[in-house]
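Engineer: Quick one: sequence plus predicted model below, questions after.
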There are 2 protein chains.
Amino acid sequence: MTVYAGQGDAHRSLALLWGHPGEPRTGRSGPKPGLSVDAIVSAGIAVADAEGMAALSMRAVGERLGRTAMALYTYVPGKAELLDLMHDRVLAELPAELPPGPAQFDNWRAAVTAWAEELYACYLRHPWVLQVSQARPVLGPAELAAMEHLLTALQPAGLPPGRLRGAVAALWQFVRGTAATTADARGAAAATGVTDEEWWSTRSARLAELAPDFPRRFPLLTALQSAAGAAPGDEDRDAFRTGLAVLLDGVAAGTGA
Amino acid sequence: MTVYAGQGDAHRSLALLWGHPGEPRTGRSGPKPGLSVDAIVSAGIAVADAEGMAALSMRAVGERLGRTAMALYTYVPGKAELLDLMHDRVLAELPAELPPGPAQFDNWRAAVTAWAEELYACYLRHPWVLQVSQARPVLGPAELAAMEHLLTALQPAGLPPGRLRGAVAALWQFVRGTAATTADARGAAAATGVTDEEWWSTRSARLAELAPDFPRRFPLLTALQSAAGAAPGDEDRDAFRTGLAVLLDGVAAGTGA
DNA sequence: GAGGATACTTTACGCCATAAGGAGATGTCG
DNA sequence: CGACATCTCCTTATGGCGTAAAGTATCCTC
C-alpha cells in the first residue's frame, strides 16, 4: 500500500499544531467534550503503530475511542490534518536536550551522531511516518525543535550559513531515507515471516533469475553487493553509520579544521 | 494529499519490470490485445503529471485509453504494481551515459554533480513520484541503472566498499529529499496562485503569529532563516547545491586526497 | 465449424472521506 | 424556572475508490 498524503490546508494544520493547549473554554454551552485533539492523535498513532498506515481510517480511530468516525470532525478538520498532528507528535519523542556533559564543544561529531541515531530510532519505532509523503513539511513544534536541536549540535562546527543549511538538509534527508529502507525490509520480512536477510537474498535471487545479464549490465553494483555480502551482520545499521560518517566528514571539511 | 504506496506483491512487480518486452506470443488465441503494459504505464504517467497523484485512479487511466478500469487488469495485477512501473519509467528518463569527454577521471565531482542535477530535475518534472512512498525500493532496471551510473561516476574517487555504499545512500536520499521540499513549495504555490517566495513568507508569517515566542524557542533556526533572507533568488537550488557540496566534501575526505 | 482461450465490459461489494441534518446534553439569560 | 443557543455526537447519504465475479464478443487452432 502506498499513501498519498493529502494537500490538506496547511493553515489549519498549523493552527492545531501550535494551538495553545488550554484554550480557556469560558462561557461555552453544550455538552462537555468527551474527546480531545490529543486523545485522537494518540489513538491515531496507536492504530498506525499496530495495524499500519493502510489500516488508518477515520472509522478505525473513532472506533478505538468508542465513537463514530464523524465524531472526530468536531476536533480535527480532516484526515490530512490528523496525519500532520500524528507526525509531529511522533517527533516529540525525541529528547529535548543534547546529552549532558561538557562534551559538546569541539565534540560536535558525537552530538550530531547522537541526534541522528535518535531520529533514526524514532522513525523505526513508527515506520508509518516514513510513508507520509515528505513532500509537505509540517513545521510543527516538535519538528522545528528537532531542527533546532540539530543546529545546536552543529553549532561548534562553526559553519557559514549556506553550508549549514545544506548540511541540515542533507543530514535530515539521509536519516529519513535510510530509515525508510530499513523499515521496508523489516516490514516485508515481518509480513512474510522471514528474516531480514532471507528476504534480501530472496529478492536478489529473483532479480538474478529475471535479469540473467545482471552482472554485465551492472558490474559495479554487483561488485558492491558481493563486497557487502562478505561483511554480515546488521547491514542496515552499518550503511547508516558509514553514510553518516561520510556526511560528517563533509561537514568537517567546511569548518576549515 | 499523502500517498501510502501499496505493499503490493513485489515479486509480480519485479517480473513486469524486467519482463522481456517482446514476449513471443505464439499460438495464442483470442482477440488481439488492444493495449499494452507500456501504453498503460504511459497513460498513468500522463494522468499523474497532469492531474496529480490524487487523481490517479484505475478508472482515470482506463478512460484515457478509451477503456474501463477493469480492462487494465488484463495487463497489470493492480494499482500498486502500476505505480512501481510508472516509477521506474520515470527514472528511465535519466541519461544512460555519463557526459562525454575525458573529464571523468579525476573529475568525479563534476560527474556526480551532473548525475545529481539530472535526478533532481527528473523528480521535479514528475513530482508525484516523490509522493510514492520510498519505503519500498522498486529495483527496476532504470533505478538500478541510475545507481550504476552513480557508482561509475564515483569510481575514480576510489572509495572502499563500505564508504561507497554509505555515499550512494546519502547522495540518493539527499537528492530525493531536497527535490521533495522544492516540489512541495512549488505545488502549494501553484495551487494557491502565488509565487514560491510569497508562499514561504506567508507560511513564516503565520508561524510567527501562532508562536510569538518563536525567536526565543528557536534562536538558531531564526538566525539561519534571516541569514537566508539576505540572499534572495532561487533558494531551493542554492540549498541543493550547497548540500551537495557538503556531501561531496565528505566523499572526498574518504579518498585520502 | 466447433471449442477454447483471450480482451474487455458490466455489475457489484465493501471500503473510504466527509457533507448534511438531527438528537440530546449543557450552558446562559430572561 | 423556562426558552433558547450552543455544542457534541449520531445517523444517513453521496460519490469516490480498488477490484472480485461473471458475462460477452472476438479470434486462433483444430
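Structural biologist: Thanks, I have it. The model shown is predicted, which means the values in this text are computed figures rather than measured ones.
Engineer: all helices for the stretch 101-250 of chain A, in order.
Structural biologist: Along the stretch 101-250 of chain A, counting by DSSP state H, counting those that start in this stretch, helices occupy A:108-125, A:141-154, A:161-192, A:196-210, A:214-217, A:219-230, A:235-253.
Engineer: pLDDT on the fourth one, on average?
Structural biologist: When you say that, I think you mean helix A:196-210. The average pLDDT within helix A:196-210 is 80.
Engineer: for it, which positions count as buried?
Structural biologist: For helix A:196-210, the neighbour count (16 or more other CB atoms under 10 Å in any protein chain shown) marks A:196, A:199-200, A:202-203, A:206-207, A:210 as buried. Using the backbone N, CA and C atoms, a C-beta is placed for each residue, glycine as well.
Engineer: For that helix, C-alpha coordinates in PDB please.
Structural biologist: Taking C-alpha atoms only, helix A:196-210 is exported to PDB below (Å, rounded to 0.1, in the frame of the first residue of the first chain):
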ATOM      1  CA  ASP A 196      15.600  -9.600   7.100                       C
ATOM      2  CA  GLU A 197      18.500 -11.300   5.400                       C
ATOM      3  CA  GLU A 198      16.500 -14.100   3.900                       C
ATOM      4  CA  TRP A 199      14.200 -11.500   2.400                       C
ATOM      5  CA  TRP A 200      17.000  -9.600   0.800                       C
ATOM      6  CA  SER A 201      18.600 -12.700  -0.600                       C
ATOM      7  CA  THR A 202      15.300 -13.900  -2.000                       C
ATOM      8  CA  ARG A 203      14.900 -10.600  -3.600                       C
ATOM      9  CA  SER A 204      18.300 -10.700  -5.300                       C
ATOM     10  CA  ALA A 205      17.900 -14.300  -6.300                       C
ATOM     11  CA  ARG A 206      14.700 -13.400  -8.100                       C
ATOM     12  CA  LEU A 207      16.400 -10.500  -9.700                       C
ATOM     13  CA  ALA A 208      19.300 -12.700 -10.900                       C
ATOM     14  CA  GLU A 209      16.700 -15.000 -12.400                       C
ATOM     15  CA  LEU A 210      14.800 -12.300 -14.200                       C
END
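Engineer: That helix and chain B in contact?
Structural biologist: Yes. Using CB under 8 Å from any CB of the partner chain, we find that helix A:196-210 touches chain B at A:203, A:206-207, A:210.
Engineer: Please find the angle between the direction vectors of that helix and helix A:161-192.
Structural biologist: Here helix A:196-210 runs at an angle of 90 degrees relative to helix A:161-192 (axes from the mean of the first three to the mean of the last three CA atoms, to 10 degrees).
Engineer: which residues touch residue A:18?
Structural biologist: Contacts here follow CB atoms under 8 Å, 6 or more residues apart in numbering or on different chains; on that basis residue A:18 touches A:140-141, B:207, B:210-211.
Engineer: quick one on the thing from earlier: let's have the residues of helix A:196-210 next to chain B in CSV, adding distance to residue B:238.
Structural biologist: Below are the residues of helix A:196-210 next to chain B laid out as CSV (distance: CB to CB, whole Å):
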residue, distance to residue B:238
A:203, 38
A:206, 42
A:207, 38
A:210, 42
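Engineer: Could you list the contact residues of the stretch 1-150 of chain A toward DNA strand D?
Structural biologist: Within the stretch 1-150 of chain A, the positions adjacent to DNA strand D are A:28-35, A:62, A:66-68, A:70-71, A:74-75 by CB under 7 Å from any atom of the strand.
Engineer: Show me which of the residues you listed are buried.
Structural biologist: Buried among those (16+ other CB under 10 Å): A:35, A:62, A:67, A:71, A:75.
Engineer: dump the residue contacts of the residue nearest to residue A:249 when sequence neighbours are not counted.
Structural biologist: Distances taken as CB to CB, 6 or more residues apart in numbering or on different chains place residue B:253 nearest to residue A:249, at 3.6 Å, with adjacent residues excluded. For residue B:253, the contact set (CB under 8 Å, 6+ apart) comprises A:246, A:249-250, A:252-253.
Engineer: mind checking pLDDT for residue B:253?
Structural biologist: At residue B:253, pLDDT is 89.
Engineer: For residue B:177, see how far away it is.
Structural biologist: Using CB to CB, to the nearest Å, residue B:253 is found at 22 Å from residue B:177.
Engineer: Quick check: closest non-adjacent residue to residue A:85.
Structural biologist: Leaving aside its sequence neighbours, residue A:85 sits nearest to residue A:41 (CB to CB, 6+ apart; 4.7 Å).
Engineer: What count of nearby residues applies to the one you found?
Structural biologist: Other residues within reach of residue A:41, judged by other CB atoms under 10 Å in any protein chain shown, total 23.
Engineer: Please report how far the residue nearest to residue A:249 lies from residue A:246.
Structural biologist: For residue B:253, the distance to residue A:246 equals 8 Å [CB to CB].
Engineer: what do you get for residue A:72?
Structural biologist: 44 Å.
Engineer: Same question for residue A:153.
Structural biologist: 18 Å.
Engineer: Show me which of the two is the more surrounded one.
Structural biologist: Between residue A:153 and residue A:246, residue A:246 has the larger neighbour count (other CB under 10 Å), namely 30 against 23.
Engineer: Could you verify my assumption that that one touches residue B:165?
Structural biologist: No. Counting by CB atoms under 8 Å, residue A:246 stays clear of residue B:165, with 9.7 Å between them.
Engineer: Need the residues touching each of these two.
Structural biologist: Counting by CB under 8 Å, 6+ apart, nothing touches both residue A:246 and residue B:165.
Engineer: for the stretch 151-257 of chain A, what are the low-confidence residue spans?
Structural biologist: For the stretch 151-257 of chain A, applying pLDDT under 70 flags the ranges A:228-233, A:256-257.
Engineer: And the residue nearest to residue A:126 when sequence neighbours are not counted, which helix or strand is it part of?
Structural biologist: Closest residue to residue A:126 apart from its sequence neighbours, by CB to CB, 6+ apart: residue A:90 at 4.8 Å. In this structure, residue A:90 sits in helix A:79-91 according to DSSP states H and E.
Engineer: any bit of that helix sitting next to DNA strand C?
Structural biologist: Yes. For helix A:79-91, a contact with DNA strand C is found by CB under 7 Å from any atom of the strand, at A:79-80.
Engineer: Give me the distance from that helix to the chain's centre.
Structural biologist: With CA atoms, centre = their mean, to the nearest Å as the basis, helix A:79-91 stands 12 Å off its chain's centre.
Engineer: Also stretch A:184-195?
Structural biologist: When distances are taken as CA atoms, centre = their mean, stretch A:184-195 is centred 19 Å away from the chain's centroid.
Engineer: That one and chain B in contact?
Structural biologist: Yes. Counting by CB under 8 Å from any CB, chain B has neighbours in stretch A:184-195: A:184, A:187-188, A:191.
Engineer: Just among those residues, which is most surrounded?
Structural biologist: residue A:184 (22 neighbours).
Engineer: my guess is it meets residue B:139, correct?
Structural biologist: No. Applying CB under 8 Å, one finds residue A:184 not in contact with residue B:139, separated by 11.2 Å.
Engineer: Find the residues that touch each one of these two.
Structural biologist: Common neighbours of residue A:184 and residue B:139, counting by CB under 8 Å, 6+ apart, are absent.
Engineer: of the residues of helix A:196-210 next to chain B, closest to DNA strand C?
Structural biologist: Distance to DNA strand C across the residues of helix A:196-210 next to chain B (CB to the nearest atom of the strand) is lowest for residue A:210, with 20.9 Å.
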